[in-house]
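Participant: Show me how the following folds:
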Amino acid sequence: MQNPHNIYTKLVSQIKKYFDEAGFRKAVLGVSGGIDSALTLKLLVDALKPENITGLIMPEHGITKDENTSHAKALCRFLKVHTHVVPINKYLQDLTLLPWRPSALAQMNTKARIRAIILYNFSNTNNTLVVGTSNKSELLLGYGTKHGDLAADILPLGDLYKTDVYSLAEHIGLPQEIIEKAPSAELCKGQTDESDLGAKYEEIDKILQELEKDQTHLNDPSNSNNPVGSISSNDSTASFQSKTKTDFRIQNLFANSPESPHPIASPSHFAALSPLAENISTRMQKNKHKLQTPYIIKVA
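Facilitator: Numbering: from 1, shown residues only. As a prediction, the model looks like this:
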(Lines give C-alpha, C1' and ligand atoms only; values in the text may rest on other atoms or scores of the structure.)
Protein backbone atom coordinates (compact mmCIF):
# COMPACT_ATOMS: atom_id res chain seq x y z
CA MET A 1 0.00 0.00 0.00
CA GLN A 2 1.12 3.55 -0.69
CA ASN A 3 1.69 5.99 2.19
CA PRO A 4 -1.46 5.56 4.34
CA HIS A 5 -1.54 9.22 5.31
CA ASN A 6 -1.48 10.32 1.66
CA ILE A 7 -4.19 7.81 0.76
CA TYR A 8 -6.41 8.98 3.60
CA THR A 9 -5.91 12.65 2.74
CA LYS A 10 -6.73 12.00 -0.91
CA LEU A 11 -9.87 10.05 -0.08
CA VAL A 12 -11.15 12.79 2.23
CA SER A 13 -10.49 15.53 -0.32
CA GLN A 14 -12.06 13.54 -3.18
CA ILE A 15 -15.19 12.79 -1.17
CA LYS A 16 -15.60 16.47 -0.44
CA LYS A 17 -15.00 17.35 -4.09
CA TYR A 18 -17.53 14.77 -5.31
CA PHE A 19 -20.26 16.04 -3.00
CA ASP A 20 -19.53 19.67 -3.89
CA GLU A 21 -19.71 18.94 -7.61
CA ALA A 22 -22.88 16.88 -7.21
CA GLY A 23 -24.54 19.65 -5.21
CA PHE A 24 -25.10 17.59 -2.05
CA ARG A 25 -24.02 18.31 1.50
CA LYS A 26 -25.30 15.23 3.32
CA ALA A 27 -24.61 11.50 3.22
CA VAL A 28 -26.21 8.33 4.53
CA LEU A 29 -24.60 4.92 4.91
CA GLY A 30 -25.26 1.59 6.55
CA VAL A 31 -23.14 1.03 9.65
CA SER A 32 -22.75 -2.64 10.56
CA GLY A 33 -20.05 -2.56 13.22
CA GLY A 34 -17.54 -4.00 10.72
CA ILE A 35 -14.30 -2.52 9.48
CA ASP A 36 -15.46 -1.36 6.02
CA SER A 37 -18.40 0.69 7.27
CA ALA A 38 -16.36 2.01 10.21
CA LEU A 39 -13.59 3.30 7.94
CA THR A 40 -16.09 4.75 5.46
CA LEU A 41 -17.92 6.52 8.30
CA LYS A 42 -14.69 8.12 9.56
CA LEU A 43 -13.79 9.28 6.04
CA LEU A 44 -17.22 10.89 5.64
CA VAL A 45 -17.03 12.65 9.00
CA ASP A 46 -13.64 14.14 8.12
CA ALA A 47 -14.80 15.16 4.64
CA LEU A 48 -18.31 16.46 5.31
CA LYS A 49 -18.52 17.09 9.11
CA PRO A 50 -20.50 14.90 11.52
CA GLU A 51 -23.70 16.94 11.37
CA ASN A 52 -24.05 16.05 7.69
CA ILE A 53 -23.76 12.28 8.16
CA THR A 54 -26.45 9.75 9.09
CA GLY A 55 -25.62 6.16 9.94
CA LEU A 56 -28.38 3.60 9.58
CA ILE A 57 -27.88 0.52 11.74
CA MET A 58 -30.01 -2.26 10.25
CA PRO A 59 -29.69 -5.46 12.27
CA GLU A 60 -31.63 -8.64 11.75
CA HIS A 61 -32.70 -9.84 15.18
CA GLY A 62 -31.62 -13.43 15.66
CA ILE A 63 -28.80 -13.19 13.09
CA THR A 64 -26.86 -9.96 13.73
CA LYS A 65 -24.58 -10.32 16.74
CA ASP A 66 -25.35 -7.92 19.60
CA GLU A 67 -21.64 -7.07 19.66
CA ASN A 68 -21.80 -5.69 16.12
CA THR A 69 -24.85 -3.56 16.83
CA SER A 70 -23.17 -2.25 19.99
CA HIS A 71 -19.98 -1.41 18.09
CA ALA A 72 -21.96 0.40 15.38
CA LYS A 73 -23.89 2.46 17.94
CA ALA A 74 -20.77 3.30 19.94
CA LEU A 75 -18.83 4.42 16.85
CA CYS A 76 -21.68 6.63 15.61
CA ARG A 77 -22.03 8.11 19.08
CA PHE A 78 -18.27 8.74 19.36
CA LEU A 79 -18.14 10.42 15.93
CA LYS A 80 -21.27 12.44 16.76
CA VAL A 81 -23.27 11.45 13.68
CA HIS A 82 -27.04 11.10 13.43
CA THR A 83 -28.15 7.49 13.88
CA HIS A 84 -31.27 5.42 13.34
CA VAL A 85 -31.62 1.76 14.30
CA VAL A 86 -33.95 0.00 11.85
CA PRO A 87 -34.30 -3.77 12.35
CA ILE A 88 -35.15 -5.48 9.06
CA ASN A 89 -37.10 -8.49 10.41
CA LYS A 90 -40.59 -7.10 9.80
CA TYR A 91 -39.77 -6.26 6.19
CA LEU A 92 -38.58 -9.82 5.62
CA GLN A 93 -41.76 -11.30 7.04
CA ASP A 94 -43.94 -10.14 4.17
CA LEU A 95 -41.79 -12.05 1.72
CA THR A 96 -42.76 -15.32 3.38
CA LEU A 97 -46.16 -14.81 1.69
CA LEU A 98 -44.76 -15.17 -1.83
CA PRO A 99 -46.40 -17.92 -3.92
CA TRP A 100 -43.07 -19.77 -4.00
CA ARG A 101 -40.62 -20.71 -1.30
CA PRO A 102 -37.52 -18.50 -1.57
CA SER A 103 -34.22 -20.34 -1.62
CA ALA A 104 -31.62 -19.72 1.07
CA LEU A 105 -29.57 -17.70 -1.43
CA ALA A 106 -32.59 -15.59 -2.38
CA GLN A 107 -33.35 -14.91 1.28
CA MET A 108 -29.81 -13.77 2.01
CA ASN A 109 -29.66 -11.44 -0.97
CA THR A 110 -33.12 -10.10 -0.14
CA LYS A 111 -31.78 -8.96 3.23
CA ALA A 112 -29.09 -6.88 1.52
CA ARG A 113 -31.68 -5.43 -0.89
CA ILE A 114 -34.03 -4.49 1.94
CA ARG A 115 -31.18 -2.54 3.53
CA ALA A 116 -30.54 -0.78 0.22
CA ILE A 117 -34.23 0.13 -0.07
CA ILE A 118 -34.14 1.64 3.43
CA LEU A 119 -30.99 3.63 2.62
CA TYR A 120 -32.47 5.04 -0.59
CA ASN A 121 -35.78 5.80 1.12
CA PHE A 122 -33.87 7.90 3.64
CA SER A 123 -31.77 9.40 0.86
CA ASN A 124 -34.78 10.52 -1.21
CA THR A 125 -36.56 11.85 1.86
CA ASN A 126 -33.62 13.84 3.20
CA ASN A 127 -31.78 14.83 -0.01
CA THR A 128 -28.61 12.88 0.70
CA LEU A 129 -26.28 10.64 -1.29
CA VAL A 130 -25.97 6.96 -0.43
CA VAL A 131 -22.39 6.00 0.35
CA GLY A 132 -21.42 2.36 -0.15
CA THR A 133 -18.86 0.45 1.88
CA SER A 134 -17.67 -2.21 -0.59
CA ASN A 135 -13.92 -2.54 -1.14
CA LYS A 136 -11.94 -3.42 -4.26
CA SER A 137 -11.49 -7.08 -3.34
CA GLU A 138 -15.26 -7.54 -3.03
CA LEU A 139 -15.94 -5.67 -6.26
CA LEU A 140 -13.43 -7.69 -8.29
CA LEU A 141 -14.81 -10.95 -6.94
CA GLY A 142 -18.43 -9.93 -7.27
CA TYR A 143 -18.76 -10.65 -3.56
CA GLY A 144 -21.90 -8.71 -2.84
CA THR A 145 -25.55 -8.42 -3.75
CA LYS A 146 -26.63 -6.71 -6.95
CA HIS A 147 -29.01 -3.87 -6.03
CA GLY A 148 -28.12 -4.59 -2.40
CA ASP A 149 -24.82 -3.74 -0.71
CA LEU A 150 -23.36 -3.00 -4.17
CA ALA A 151 -25.92 -0.21 -4.68
CA ALA A 152 -24.49 3.23 -3.88
CA ASP A 153 -23.77 6.66 -5.34
CA ILE A 154 -20.11 6.64 -4.30
CA LEU A 155 -17.72 3.97 -3.03
CA PRO A 156 -14.84 5.57 -1.09
CA LEU A 157 -13.16 2.18 -0.54
CA GLY A 158 -13.75 0.95 -4.08
CA ASP A 159 -10.08 1.25 -5.06
CA LEU A 160 -8.71 -0.27 -1.85
CA TYR A 161 -8.09 -3.98 -1.45
CA LYS A 162 -9.33 -5.49 1.81
CA THR A 163 -5.79 -5.66 3.15
CA ASP A 164 -5.43 -1.92 2.35
CA VAL A 165 -8.60 -1.30 4.35
CA TYR A 166 -6.97 -2.97 7.35
CA SER A 167 -3.81 -0.89 6.94
CA LEU A 168 -5.75 2.36 6.69
CA ALA A 169 -7.93 1.45 9.67
CA GLU A 170 -4.82 0.80 11.75
CA HIS A 171 -3.28 4.06 10.58
CA ILE A 172 -6.19 6.24 11.67
CA GLY A 173 -6.70 4.37 14.92
CA LEU A 174 -10.04 2.61 14.52
CA PRO A 175 -10.87 0.48 17.58
CA GLN A 176 -9.02 -2.83 17.66
CA GLU A 177 -12.19 -4.75 18.47
CA ILE A 178 -13.57 -3.64 15.09
CA ILE A 179 -10.34 -4.31 13.20
CA GLU A 180 -9.77 -7.76 14.66
CA LYS A 181 -13.24 -9.29 14.24
CA ALA A 182 -13.83 -11.71 11.37
CA PRO A 183 -15.47 -9.88 8.44
CA SER A 184 -19.03 -11.04 7.79
CA ALA A 185 -22.09 -9.84 5.91
CA GLU A 186 -24.17 -11.61 8.60
CA LEU A 187 -26.78 -12.81 6.14
CA CYS A 188 -27.00 -16.12 7.98
CA LYS A 189 -25.73 -17.54 11.26
CA GLY A 190 -22.02 -18.27 11.37
CA GLN A 191 -21.28 -16.68 8.00
CA THR A 192 -17.86 -15.14 7.40
CA ASP A 193 -16.37 -13.62 4.25
CA GLU A 194 -13.39 -15.93 4.20
CA SER A 195 -15.44 -19.11 4.63
CA ASP A 196 -17.62 -17.98 1.72
CA LEU A 197 -14.63 -17.14 -0.46
CA GLY A 198 -12.59 -20.20 0.49
CA ALA A 199 -9.41 -18.33 1.36
CA LYS A 200 -8.04 -15.55 3.53
CA TYR A 201 -8.03 -11.99 2.21
CA GLU A 202 -4.23 -11.90 2.43
CA GLU A 203 -4.03 -14.74 -0.11
CA ILE A 204 -6.84 -13.40 -2.27
CA ASP A 205 -5.43 -9.88 -2.46
CA LYS A 206 -1.97 -11.08 -3.52
CA ILE A 207 -3.55 -12.89 -6.44
CA LEU A 208 -5.85 -9.99 -7.33
CA GLN A 209 -2.87 -7.64 -7.40
CA GLU A 210 -0.98 -9.98 -9.71
CA LEU A 211 -3.97 -10.18 -12.02
CA GLU A 212 -4.33 -6.39 -11.99
CA LYS A 213 -0.74 -5.97 -13.17
CA ASP A 214 -1.61 -7.84 -16.35
CA GLN A 215 -5.06 -6.31 -16.80
CA THR A 216 -4.18 -3.68 -19.41
CA HIS A 217 -2.32 -6.15 -21.57
CA LEU A 218 -4.94 -8.86 -21.20
CA ASN A 219 -7.86 -6.55 -22.01
CA ASP A 220 -6.35 -5.53 -25.34
CA PRO A 221 -8.54 -7.23 -28.01
CA SER A 222 -5.63 -7.08 -30.45
CA ASN A 223 -3.63 -9.39 -28.21
CA SER A 224 -4.02 -12.82 -29.79
CA ASN A 225 -3.02 -14.47 -26.51
CA ASN A 226 -5.86 -12.82 -24.64
CA PRO A 227 -8.39 -15.53 -23.76
CA VAL A 228 -11.13 -12.99 -23.07
CA GLY A 229 -10.38 -10.53 -25.84
CA SER A 230 -13.81 -11.11 -27.33
CA ILE A 231 -15.54 -9.95 -24.15
CA SER A 232 -15.23 -6.17 -24.21
CA SER A 233 -17.27 -3.24 -22.96
CA ASN A 234 -19.01 -3.17 -26.35
CA ASP A 235 -20.26 -6.75 -26.16
CA SER A 236 -23.84 -7.62 -25.33
CA THR A 237 -24.28 -7.86 -21.57
CA ALA A 238 -27.41 -9.92 -22.03
CA SER A 239 -25.64 -12.68 -23.93
CA PHE A 240 -22.97 -12.88 -21.23
CA GLN A 241 -25.51 -12.77 -18.40
CA SER A 242 -27.46 -15.66 -19.87
CA LYS A 243 -24.58 -17.94 -18.94
CA THR A 244 -24.38 -16.86 -15.30
CA LYS A 245 -26.40 -16.64 -12.15
CA THR A 246 -27.44 -13.29 -10.73
CA ASP A 247 -26.02 -13.71 -7.23
CA PHE A 248 -22.79 -15.30 -6.10
CA ARG A 249 -22.87 -14.31 -2.44
CA ILE A 250 -22.22 -17.82 -1.16
CA GLN A 251 -20.64 -19.50 -4.15
CA ASN A 252 -17.34 -20.90 -2.94
CA LEU A 253 -14.34 -20.21 -5.13
CA PHE A 254 -13.63 -23.90 -5.39
CA ALA A 255 -17.09 -24.88 -6.62
CA ASN A 256 -16.98 -26.58 -10.01
CA SER A 257 -19.05 -24.99 -12.76
CA PRO A 258 -19.60 -26.66 -16.15
CA GLU A 259 -20.15 -23.22 -17.67
CA SER A 260 -17.08 -21.47 -16.29
CA PRO A 261 -15.80 -18.98 -18.89
CA HIS A 262 -12.18 -18.59 -19.80
CA PRO A 263 -9.99 -17.25 -16.98
CA ILE A 264 -9.10 -13.59 -17.05
CA ALA A 265 -5.36 -14.31 -16.87
CA SER A 266 -3.21 -16.05 -19.43
CA PRO A 267 -2.15 -19.70 -19.13
CA SER A 268 1.47 -18.61 -18.76
CA HIS A 269 0.46 -16.40 -15.85
CA PHE A 270 -1.34 -19.28 -14.17
CA ALA A 271 1.75 -21.45 -14.42
CA ALA A 272 3.25 -19.31 -11.66
CA LEU A 273 0.10 -19.16 -9.52
CA SER A 274 -1.96 -21.57 -7.47
CA PRO A 275 -5.31 -23.19 -8.31
CA LEU A 276 -6.81 -20.51 -6.07
CA ALA A 277 -5.68 -17.90 -8.59
CA GLU A 278 -7.56 -19.63 -11.39
CA ASN A 279 -10.70 -19.83 -9.27
CA ILE A 280 -10.45 -16.15 -8.35
CA SER A 281 -9.88 -15.16 -11.97
CA THR A 282 -12.85 -17.23 -13.10
CA ARG A 283 -15.03 -15.68 -10.44
CA MET A 284 -14.00 -12.18 -11.56
CA GLN A 285 -15.00 -13.00 -15.12
CA LYS A 286 -18.33 -14.55 -14.14
CA ASN A 287 -19.31 -11.58 -12.01
CA LYS A 288 -18.68 -8.79 -14.52
CA HIS A 289 -22.40 -8.34 -15.01
CA LYS A 290 -22.85 -7.40 -11.35
CA LEU A 291 -20.85 -4.20 -11.64
CA GLN A 292 -22.91 -1.04 -11.32
CA THR A 293 -21.95 2.60 -11.64
CA PRO A 294 -21.25 4.17 -8.25
CA TYR A 295 -18.35 6.62 -8.27
CA ILE A 296 -15.09 4.97 -7.18
CA ILE A 297 -12.33 7.27 -5.92
CA LYS A 298 -9.00 6.28 -7.48
CA VAL A 299 -6.12 6.36 -5.01
CA ALA A 300 -3.27 5.61 -7.44
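Participant: What are the buried residues along stretch 1-8?
Facilitator: Residues of stretch 1-8 classed as buried: 7-8 (neighbour count, 16 or more other CB atoms under 10 Å). Backbone N, C-alpha and C define where each C-beta goes, glycine included.
Participant: Give me the contacts around it.
Facilitator: Counting contacts by CB atoms under 8 Å, 6 or more residues apart in numbering, the residues outside stretch 1-8 that touch it are 43, 160, 163-164, 167-168, 171-172, 299-300.
Participant: of all these, which two lie farthest apart?
Facilitator: The span of the contacts of stretch 1-8, defined through CB to CB, is set by Ile172 and Ala300 at 19.7 Å.
Participant: Which of these two has more residues huddled nearby?
Facilitator: More neighbours surround Ile172 than the other of Ile172 and Ala300, with 14 against 6 (other CB atoms under 10 Å).
Participant: In contact with that one, which residues?
Facilitator: Contacts here follow CB under 8 Å, 6+ apart; on that basis Ile172 touches 4, 8, 39, 42.
Participant: Make sure Asp46 is actually in contact with Gln14.
Facilitator: No: using CB atoms under 8 Å, Asp46 is not in contact with Gln14, being 11.9 Å away.
Participant: ranges for the strands of this protein?
Facilitator: 27-30, 53-57, 82-85, 129-130, 154-155, 295-296 (DSSP state E).
Participant: Of those, which is nearest Arg113?
Facilitator: So among those, strand 27-30 is nearest, using CB to CB, at 12.2 Å.
Participant: Could you tell me the average pLDDT over the closest one, please?
Facilitator: Across strand 27-30, pLDDT averages out at 98.
Participant: and Glu212, how many neighbours?
Facilitator: If we define neighbours as other CB under 10 Å, then Glu212 has 12 of them.
Participant: shaky segments in the protein?
Facilitator: 215-274, 283-293 (pLDDT under 70).
Participant: run the last query once more with 50
Facilitator: 221, 224-272, 289 (pLDDT under 50).
Participant: tell me the helices in it, going along the chain?
Facilitator: Here the chain has its helices, by DSSP state H, at 4-22, 35-48, 66-79, 89-93, 104-126, 136-141, 162-172, 176-180, 193-197, 201-213, 215-218, 237-241, 267-270, 275-286.
Participant: Let me have these in JSON lines, adding distance to Asp149 as columns.
Facilitator: Converted to JSON lines, the helices of the chain look like this (distance: least, CB to CB, whole Å):
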{"stretch": "helix 4-22", "distance to Asp149": "19"}
{"stretch": "helix 35-48", "distance to Asp149": "10"}
{"stretch": "helix 66-79", "distance to Asp149": "15"}
{"stretch": "helix 89-93", "distance to Asp149": "16"}
{"stretch": "helix 104-126", "distance to Asp149": "5"}
{"stretch": "helix 136-141", "distance to Asp149": "8"}
{"stretch": "helix 162-172", "distance to Asp149": "14"}
{"stretch": "helix 176-180", "distance to Asp149": "18"}
{"stretch": "helix 193-197", "distance to Asp149": "12"}
{"stretch": "helix 201-213", "distance to Asp149": "17"}
{"stretch": "helix 215-218", "distance to Asp149": "24"}
{"stretch": "helix 237-241", "distance to Asp149": "20"}
{"stretch": "helix 267-270", "distance to Asp149": "30"}
{"stretch": "helix 275-286", "distance to Asp149": "17"}
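Participant: closest to Gly148 out of those?
Facilitator: helix 104-126 (2.9 Å).
Participant: Now do the closest one: which elements does it pack against?
Facilitator: strand 27-30, strand 53-57, helix 89-93, strand 129-130 (3 or more CB pairs under 8 Å, 6 or more residues apart in numbering; DSSP states H and E).
Participant: Before I go, just wanted to say thanks for your time.
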